[in-house]
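> generate coordinates for the sequence data below:
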Amino acid sequence: MIKSFTILLIAATVYSCSGNTKKEPVTDTDVATAFIRASLDNDLKTAAKFVLPDDTNEQYMQTFNRMFAQKDKTELEKYKASEVVIDELNPESDSVHTVIYSNTYTNKKDKLKLVWKGGRWLVDLKYTFNQNGQ
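Modelled structure (predicted):
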């Protein structure tokens, strides 16, 4: 009985130490990278967790879902295999930062706006599609 308990205790310890302890991104750069990575991986459910919740941003996420649904498997795999490149981080204020980024598949620079809301950084997609910053 003691032997069984010891084995069970060791197994539980090993399992708890090797469990998936994925840290939630906290910094502006980490949130931007996590959002971009999830988008490249076509994991839009995860990407949506990092988006500022409002009607316009939700519509953009629905558009992304439709766009990615139309891509062929080969192209999706190329996006998944690409790396995220953060080129610049520009603090505009304490609560608004812009990130210029690209990925190694398309090498096209793009921008994201991050806003500090509710004690965390969130992506505001409206800026990406309305580059005059509104």
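
> what residue ranges in the chain score low on pLDDT?
For the chain, the stretches with pLDDT under 70 are 1-22, 131-134.

> show me the strands in it, by range?
Secondary structure of the chain, counting by DSSP state E: strands at 84-91, 96-103, 110-117, 120-124.

> OK, contacts around the residue nearest the centre of the chain?
Of all residues in the chain, the one closest to the mean position by CA atoms, centre = their mean is residue 35, 1.7 Å from it. Contacts for residue 35 (CB atoms under 8 Å, 6 or more residues apart in numbering) come out as 47, 50-51, 112, 123. (Glycine included, C-beta is placed from N, CA and C.)

> neighbours around the closest residue to it other than its chain neighbours, how many?
Once flanking residues are discounted, residue 35 sits nearest to residue 50: 4.1 Å by CB to CB, 6 or more residues apart in numbering. Look at residue 50: counted by other CB atoms under 10 Å, it has 23 neighbours.

> residue 50 contacts residue 28, correct?
No - judged on CB atoms under 8 Å, residue 50 makes no contact with residue 28 at a distance of 10.9 Å.

> okay, and the common contacts of the two?
Joint contacts of residue 50 and residue 28 (CB under 8 Å, 6+ apart) are residue 121.

> that older thread, wait, which of the strands of the chain is closest to residue 65?
strand 120-124 (15.7 Å; CB to CB).

> can you pull the buried residues of the closest one?
Neighbour counts using 16 or more other CB atoms under 10 Å place 121-124 of strand 120-124 among the buried residues.

> pull the CA atoms of that strand into PDB?
Extracted C-alpha coordinates of strand 120-124, given in PDB (Å, rounded to 0.1, in the frame of the first residue of the first chain):
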ATOM      1  CA  ARG A 120      -3.900  44.600 -19.700                       C
ATOM      2  CA  TRP A 121      -2.700  45.200 -23.200                       C
ATOM      3  CA  LEU A 122      -5.200  44.500 -26.000                       C
ATOM      4  CA  VAL A 123      -5.000  44.800 -29.800                       C
ATOM      5  CA  ASP A 124      -7.300  47.400 -31.400                       C
END
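
> other residues contacting it?
25-28, 31-32, 35, 50-53, 57, 97, 112-116.
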